[in-house]
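**Student:** Okay, predicted coordinates and the sequence, questions at the end:
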Amino acid sequence: MDRHAREIVDLLPRLRRLARVLARDVADADDLVQLTVERALVRRGQWRPGTRLDSWMFRIMKNAWIDESRARKRRAAVLTPEDDAAHVGSDGAGAMEVRLEARAVEHAMARLPDDQRLAVALVLVEGLSYKEAADVLEVPQGTLTSRLGRGRAALLADLQGAPS
């Protein structure tokens, strides 16, 4: 395996984490990661050495998710919705305090508008700088800062109202 492919493999946990923020579903997140890696390998000549591979991959993922979201909206207008009964249930591990807190944060993140959720995920979860996250989202840094501030405030308000 060449160096570029190895670096992509090393990014898989971070890609999966961001995909779960975007997709809000484990299976959809896995599909999104696969699509992102496929696109990155096909377009590997477009990546410029010396730039951050993670930011490039996150941008590919964001664009792939936008494409998928649009396709789903088109399909939903034509097809009947899937039965959600397969997703009902609990994993039984919710008794642990740490898992409850993590789940509360996950639910609070899911309630954020897409633009705020992605800004929070890139900066607070993935640790990108404001500039890097703004580049991934293809927005001005001030816009990212605003989205991040609103997202943080909404998360804090939501989590303070959530049972501990």
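**Tutor:** Cool, the structure landed.
**Student:** contacts and neighbour counts: CA atoms only from here.
**Tutor:** Fine.
**Student:** which residues in this structure form helices?
**Tutor:** 3-23, 26-42, 53-78, 97-111, 114-120, 130-137, 141-161 (DSSP state H).
**Student:** Single out the most deeply packed of those helices.
**Tutor:** helix 114-120 (a mean of 22; mean count of other Cα atoms under 10 Å).
**Student:** Packing partners of that one?
**Tutor:** Using 3 or more Cα pairs under 8 Å, 6 or more residues apart in numbering; DSSP states H and E, the elements in contact with helix 114-120 are helix 3-23, helix 141-161.
**Student:** Export that helix to PDB, keeping only CA atoms.
**Tutor:** C-alpha atoms of helix 114-120 as PDB (Å, rounded to 0.1, in the frame of the first residue of the first chain):
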ATOM      1  CA  ASP A 114     -27.200  21.100   9.400                       C
ATOM      2  CA  ASP A 115     -24.900  24.100   9.000                       C
ATOM      3  CA  GLN A 116     -24.300  24.400  12.700                       C
ATOM      4  CA  ARG A 117     -24.000  20.700  13.300                       C
ATOM      5  CA  LEU A 118     -21.200  20.400  10.700                       C
ATOM      6  CA  ALA A 119     -19.400  23.500  12.000                       C
ATOM      7  CA  VAL A 120     -19.400  22.100  15.500                       C
END
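**Student:** what mean pLDDT does that helix have?
**Tutor:** For helix 114-120, the mean pLDDT works out to 91.
**Student:** Comparing the helices of the chain by mean pLDDT, which bottoms out?
**Tutor:** Among those, helix 97-111 scores lowest, at a mean of 78.
**Student:** could you check the angle helix 141-161 makes with that one?
**Tutor:** 130 degrees (axes from the mean of the first three to the mean of the last three Cα atoms, to 10 degrees).
**Student:** Put the alpha carbons of helix 97-111 into CSV.
**Tutor:** Taking Å, rounded to 0.1, in the frame of the first residue of the first chain, the C-alpha atoms of helix 97-111 are listed here in CSV:
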residue,chain,number,x,y,z
GLU,A,97,-23.5,7.4,33.1
VAL,A,98,-20.9,8.2,30.4
ARG,A,99,-23.0,6.5,27.7
LEU,A,100,-26.1,8.5,28.8
GLU,A,101,-24.1,11.8,28.6
ALA,A,102,-22.7,10.8,25.2
ARG,A,103,-26.1,9.9,23.9
ALA,A,104,-27.5,13.3,25.2
VAL,A,105,-24.8,15.1,23.3
GLU,A,106,-25.4,13.0,20.2
HIS,A,107,-29.1,13.8,20.3
ALA,A,108,-28.5,17.5,21.0
MET,A,109,-26.1,17.5,18.0
ALA,A,110,-28.8,15.8,15.8
ARG,A,111,-31.2,18.6,16.7
